[in-house]
Structures are given as C-alpha cells and as structure tokens.
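[1] Provide a 3D model corresponding to the input given below.
(chains A and B)
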Amino acid sequence: MFGDYFSRALIAGIGLALVAGPLGCFVVWRRMAYFGDTMAHSALLGVALSIILSMNMTLGVFAVAALVAGALIVLQRQATLSTDALLGILSHSTLAVGLVLVGFLTTVRIDLMGFLFGDILAVSVEDIAVIYAGGAVIVGVLIWAWRPLLASTVSPELAEAEGLRPEASRLLLMILMASVIAIAMKLVGVLLITSLLIIPAATARRLSATPEAMAIVAAVLGVIAVVGGLFGSRTWDTASGPSIVVAALLVFVVSLAVPVSRLFGRREIYGT
Amino acid sequence: MMDALAGKDVLVRLEDAGVARGGRTLVSGIDLSIARGEIVTLIGPNGSGKSTTAKMVTGVHKPTSGAVWRKQGLRIGYVPQKLSIDWTLPLTVERLMTLTGRFGRREIEEALDKVGAGRLLKAAVQELSGGEFQRVLFARAMIRKPDLLVLDEPVQGVDLSGEAALYRLVRSIRDTTGSGILMISHDLHVVMAETDTVICLNGHVCCRGTPSTVKRSPEYLRLFGERAAGSLAIYQHHHDHEHHDDGCVVAEGQVHDHSHEGHAHVR
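    Numbers count the residues shown, from 1 in each chain, chains lettered A, B, ... in the order given. Have a look, this model is predicted:
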C-alpha cells in the first residue's frame, strides 16, 4: 500500500489532518492564528540551521519553532510592543533570515519551493512513520491534558483559582504546535501549514455543539480536504499542497450554507 | 488558637501577608481568616488589592511577606467576575459544568436545578442572558462541593431583582453546604447583611468588622468619603414579590421592599 507515491501522499496527508484538526481547534479558540503563522514561518530558518549543523531536519524545525514561541513569551513580558507587532517582527524576520541563510548554502541544493509550499507527493515511508509516530504522541498528549487545556482556554483565571495551571497549558500548546509544524512542513510547506490548523477547525465550529465534537469534526473535515485536494490535484494536474488548502476552503464555504440554529444549542422552549 | 477555642473550622488564614511585584507593593499586612460557614467580604476602590488578596487566598499568588495557611486539600469553587466565551468555542451549559472536574449527568442536573437553571442544560452558553449565565456559573462552582467559594464581584451588571436573587442564593449555599464564602466587591452600595466580616482594603486593611461597624468607622469614611459612606447599604431581604425558580420577577415593575436605610440605589 506504500508502493506508489500517490497512496503515500494520501496516507501522510490523512495522518496530518487527524492531528491538525483537534490542535487547530485550540488555535481558533485562543486566537493563535497569527502566532501559528509566525511559528510556521520560522520553520525555514529551522531547515537552514539543521543543514548547517547537519542535524535532523524535523528536530531542527521543532527546536526553532519552539524557540520563537519562547522568544515571544519573553518579549510579551517586557510589554513594550503589542503582541501583534511582536508577531509581525518575528514572523517575517525569521522567514527572511531563513531565506538568506538558504541562499548561502551553495554546497547543498535546496528545493526552496518544496519547503515553502510543500511536496506531499515526495513523502517517503520514513516520513510517514514520523508523521504517525509524532501524530500519535501529539494526539495522546491532547487527550491526556484535554480538560486543563480547555479550562485554561475558557478562563485562565478560573482554571488557576481551581488549582489548574493555565501557564503550563499555554506552554504545552505551543510545544504541540511546534511539533505539528515540524512534521507538517514537508507536506504542505511553511506558508500553508496554518491553513490546515485553522480552516477545518473553523469549518467544524458550525457543525458542533461541544468542544470535543468540534475536535473530531475538524479532524474528519481535514481528512476530506486532504483526500479531495489530492485527487483534485491528480485530476487537474495542480500543485498538491495548495490544492489541499483549496479543498479545505471549499468545504468551509459549503458549510456556511448549513443553518447553525438547526444543529445545536437550542434551549428547551419556555413552558407556560 | 482562638479560632479553635471558638469551635471554628478555619479554612484559610492570612497572617500579615503581602505581595510585592517588581519592587512595588501590591498589598501588605493582610490578616484575615475564613472559617466554614462564614462570609467574608472584601471591599475597596480599584487597585486597592482586593483581587491580589483573593489570589493569595486561592493560592494563585504566593505571599512575598507574611504567611498564608490553607487547610490541607482545600477545595475552591470560583465564580469569576465576568467570563466572555467566544462564539468560536462551542460550549453547552452541560459541558461548562464539567470544565474543571468530572461529574455525572445526575449531579449536573441537580446542581443546575438548585440555582433554577435546570432547563438550560442543553443551551449554548453564548445564548444565555446575563442573569442565567451567572446562575450557571454559580452551579458550576457549587458542583465541586467546594470548602471555600470565591465570588468575584458577583452582582456586577446584574439588575436589582437579580441582585436580590443572587444574595438569596449565596445565603442558601452557605446554609445548606456550610462552605466558607469570600466575596469581592468594589460596589460599595451593597454588602450582604449576612456578611460576618467586611474587610475594607486600600493596599492594607484599613478597617474591618461587621457591616454596620465598618459603615461607621472613621477609616472607611476617610477612604470613601462622607457621600459614599451614606450609600453603604446593608442588604436585607424582605421580598414582597414572587420569583420563578430561575429568579425572574413574576410581574415587572413591582416595588422592592428591602431596606436601604433611607436612600435609593444609584445605578
């Protein structure tokens, strides 16, 4: 089943969607979209550094993304610039530094487009193993820490007063995002990773009454986008990564037609 | 200890406790204790250290001076000042009830029924009215069977009849569960008559006592001015109207009959 490149791409993409959906819900709930983008953009810097230091690329990307998250926390504490401005600085400067560094790497040929937009059709069996092993760990941690993560998302203040640790939850989410970016970069590229986190989750919102349902629906919708996008890209010979994102967008647009009030959240009709 | 002699089951005690952050003293020299069945109200102007003090009580802030003693395994229920839940987060009342702990369906229904919000079980939190949401938040804190209930400005933004209903709820919680209650208020107009101790803060404890003694204390008058002092109403309940079990007043426009000691509420 791992024989041809197309089924490898399908398997890898489905694995990624199953992880990105639930995690993406937190990105949407906590308004971390721009933050996710920033971490993703720093992935290119991670690629360049791991080539220079000749270390494992997935680890390098993870380390740089986690460092950027840490840098943001430190800078936020100084509280001089708004988070928005800080993210803008970090996001584009890490991308730019990454691009400059890649330019210096004359000894190694680098497929820049592959890193920016992904090359899901080139995934190897080893890549699939990394995605599923890493994905299983990420989903496992999400399930294990679900209640405190959700409670700190709803109200850090309340969670803290009742004995949970919202700051630890925030850190954990950042680490999980860095991990997803590290395993997703090869598939969809640094510029499109966040879309897989956000679009399925945003689509799932209209179809779900509880956070848990939204996480599951987001995973399913992500899988639909991956399958649809890959078949679409084969049929019309379009770039595979962007096709997946376009498919996700189409699912989102279709979901807008679903009337929310029919689905959930109706209180019982007031009695006499 | 004196408390022990008085037969009190003390839940938390602050002794000369204070918090300093980055060289700035937020509060200092706070002495207070809350026992089971006791209601303690913190009042003071904005920035007077009410929340900091409450956070020392709940253990969120460690004191940088003095000491905080907390009963072992103290279970805290917290009703936040306000909680805005974004539309992007789908949350039913039922799910909100299990936010920080696991509870069975029966327990959830019972807790909601107690605050008259039983029929809201399946409602999305975003479509609740302010009063309904507050009741649900009470139920959420109560389902934890807390030893200590912390209420952060519980009547803020609630209208007069809602206020009365909330205070009745607080009292019945205290009477039926015997938990200690810490209330925070910057709304000086109303302090529950059942409050055992009012602690008036302004970076330190500036006066304390029963509601009626605080009202007459010179420190209180100095801090809030003569005019404000006239409006510290001690909330007593003599209701003449009926409530539905969810606290809505049956007929609107009926006149309240609780005593306000010769003044009207300013809203």
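
[2] Let me know how buried the residue of the stretch 101-250 of chain B found nearest chain A is, in neighbour terms.
    Going by C-beta to the nearest C-beta, chain A is nearest to B:A124 of the stretch 101-250 of chain B, at 3.2 Å. Any C-beta I mention is one placed from the backbone N, CA and C, and that applies to glycine too. B:A124 has 24 neighbours, counted by other C-beta atoms under 10 Å in any protein chain shown.

[3] surely it meets A:S208?
    No - in terms of C-beta atoms under 8 Å, B:A124 does not count as a neighbour of A:S208; the distance is 10.6 Å.

[4] continuing past the helix or strand bottoming out on mean pLDDT in chain B, what's the next helix or strand?
    Here the helix or strand of chain B ranked lowest by mean pLDDT, DSSP states H and E is helix B:2-5, holding a mean of 49. Once the chain leaves helix B:2-5, the next helix or strand it forms, by DSSP states H and E, is strand B:10-21.

[5] thinking in terms of the whole chain, how far from its middle is that following strand?
    Mean C-alpha position of strand B:10-21 versus that of the full chain (C-alpha atoms, centre = their mean, to the nearest Å) differs by 18 Å.

[6] If you count neighbours, what's buried in it?
    Neighbour-count burial for strand B:10-21, counted by 16 or more other C-beta atoms under 10 Å in any protein chain shown, picks out B:10-14, B:17-19.

[7] A:L53: which of those residues is nearest?
    B:V19 (44.2 Å; C-beta to C-beta).

[8] partner residues bridging the closest one?
    Each beta-bridge partner of B:V19 is listed here: B:V27, as defined by DSSP bridges.

[9] what residues are up against it?
    By C-beta atoms under 8 Å, 6 or more residues apart in numbering or on different chains, the contact list for B:V19 reads B:25-28, B:49, B:52, B:56, B:61-65.

[10] mind listing which of those residues are in strands?
    Among the contacts of B:V19, the members found in strands (DSSP state E) are B:25-28, B:65.

[11] ok, so of those, who is nearest chain A?
    Using C-beta to the nearest C-beta, these come closest to chain A at B:L26, 16.4 Å.

[12] Kindly tell me how buried the closest one is, as a neighbour count.
    20.

[13] which residues does it contact?
    For B:L26, the contacting residues are B:18-20, B:49, B:52, B:203, by C-beta under 8 Å, 6+ apart.

[14] The helix or strand hosting A:V246 near chain B at all?
    Secondary structure from DSSP H and E places A:V246 in helix A:240-255. No - figure legend: helix A:240-255 not in contact with chain B (C-beta under 8 Å from any C-beta of the partner chain); closest approach 13.5 Å.

[15] about what we covered before: can you redo the ones in strands among the contacts of B:V19 as a markdown table with pLDDT?
    Listed next are those as a markdown table, based on pLDDT from 0 to 100:
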| residue | pLDDT |
| --- | --- |
| B:T25 | 85 |
| B:L26 | 87 |
| B:V27 | 87 |
| B:S28 | 87 |
| B:S65 | 90 |
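
[16] what two of these are the furthest from one another?
    B:L26 and B:S65 (11.0 Å).

[17] hey, what's in contact with both of these two?
    B:18-20.

[18] and which of these is nearest chain A?
    Using C-beta to the nearest C-beta, B:V19 is the member of the shared contacts of B:L26 and B:S65 that lies nearest chain A, at 14.9 Å.

[19] burial measure for A:V188, as a count.
    27.

[20] isn't it right up against A:V123?
    No - the pair A:V188 / A:V123 is not scored as a contact, 11.1 Å apart, by C-beta under 8 Å.

[21] all helices of the stretch 51-200 of chain A, in order?
    Counting by DSSP state H, counting those that start in this stretch, the stretch 51-200 of chain A has helices at residues A:57-78, A:83-104, A:112-117, A:125-144, A:146-154, A:156-161, A:166-188, A:193-205.

[22] Ignore what I typed, I meant the stretch 51-200 of chain B.
    All helices of the stretch 51-200 of chain B, identified by DSSP H, counting those that start in this stretch, fall at B:93-97, B:105-114, B:130-142, B:160-177.
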